[in-house]
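A.B. asks: coords below, sequence missing:
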């Protein structure tokens, strides 16, 4: 899998030598896989990786456990890790959006803030083929045109998706 992801990252020009990659890490299998792969590819591709976990203040001790788990694995893999605390419910209420939308909004805000500290590096998220299929179906059922049926791009602005 490591070789496949490396080739995919090269094919889509996801990073440049010396880039800092901010990995969004929820603590789930997909994002931990992403972090592990990025940590193992740093020397090969010449970039630095940092992990960011956003604690949305929604699931109490379970969320605290996720944050601790991400912090511990990051330390074991020698990846700097930042845990950011945000109130997704309040953000959603204040901005008239669902908690899910608010959480996504806050995650990308935190990831971009961390990227800016390191010269505006790339943000890596763990979307993969199944997420791609789900996105295309969602767009299809919503009545999207051809552009929407294209799904998620491997690189879109500062966001990269090495697991697609």
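C.D. replies: Structure's in. What do you need? Because the structure is a prediction, the values reported are computed rather than measured.
A.B. asks: What separation is there between residue 34 and residue 87?
C.D. replies: Going from residue 34 to residue 87 by Cβ to Cβ, to the nearest Å gives 26 Å. C-beta: built from backbone N, CA, C; applies to glycine.
A.B. asks: Please apply the same query to residue 77.
C.D. replies: 29 Å.
A.B. asks: so what's residue 30 closest to, chain neighbours aside?
C.D. replies: Nearest non-adjacent residue to residue 30, counting by Cβ to Cβ, 6 or more residues apart in numbering: residue 126, 4.0 Å away.
A.B. asks: For the chain, which helix extends over the most residues?
C.D. replies: Longest helix of the chain, by residue count under DSSP state H: helix 99-117.
A.B. asks: packing partners for that helix?
C.D. replies: strand 20-24, strand 48-55, helix 88-95, strand 122-124 (3 or more Cβ pairs under 8 Å, 6 or more residues apart in numbering; DSSP states H and E).
A.B. asks: Please compute how far the shortest one lies from its chain's middle.
C.D. replies: Pointing back at strand 122-124 there. Between the centre of strand 122-124 and the centre of its chain there are 7 Å (Cα atoms, centre = their mean, to the nearest Å).
A.B. asks: ok, and what's touching that strand?
C.D. replies: 14-15, 19-24, 34, 38, 49, 108, 111-112, 115, 158-162 (Cβ atoms under 8 Å, 6 or more residues apart in numbering).
A.B. asks: can you pull the pLDDT of residue 153?
C.D. replies: Confidence at residue 153, expressed as pLDDT, is 79.
A.B. asks: can you tell me the helix or strand for it?
C.D. replies: If you go by DSSP states H and E, residue 153 is not part of any helix or strand.
A.B. asks: What's the local residue count around it?
C.D. replies: Other residues lying near residue 153 total 12 when counted by other Cβ atoms under 10 Å.
A.B. asks: Residue 154 too?
C.D. replies: 18.
A.B. asks: Quick check, it in contact with residue 125.
C.D. replies: No. Applying Cβ atoms under 8 Å as the test, residue 154 and residue 125 come out as separate, 11.1 Å apart.
A.B. asks: residue nearest the centroid of this protein?
C.D. replies: Nearest to the mean C-alpha position of the chain, by Cα atoms, centre = their mean, lies residue 125 at 2.4 Å.
A.B. asks: which phi and psi does that one have?
C.D. replies: Backbone torsions of residue 125, given as degrees, to the nearest 10, read phi -120, psi 160.
A.B. asks: So in the protein, where's the weakest helix or strand by average pLDDT?
C.D. replies: One helix or strand of the chain scores below all others by mean pLDDT, DSSP states H and E: helix 129-142, with a mean of 50.
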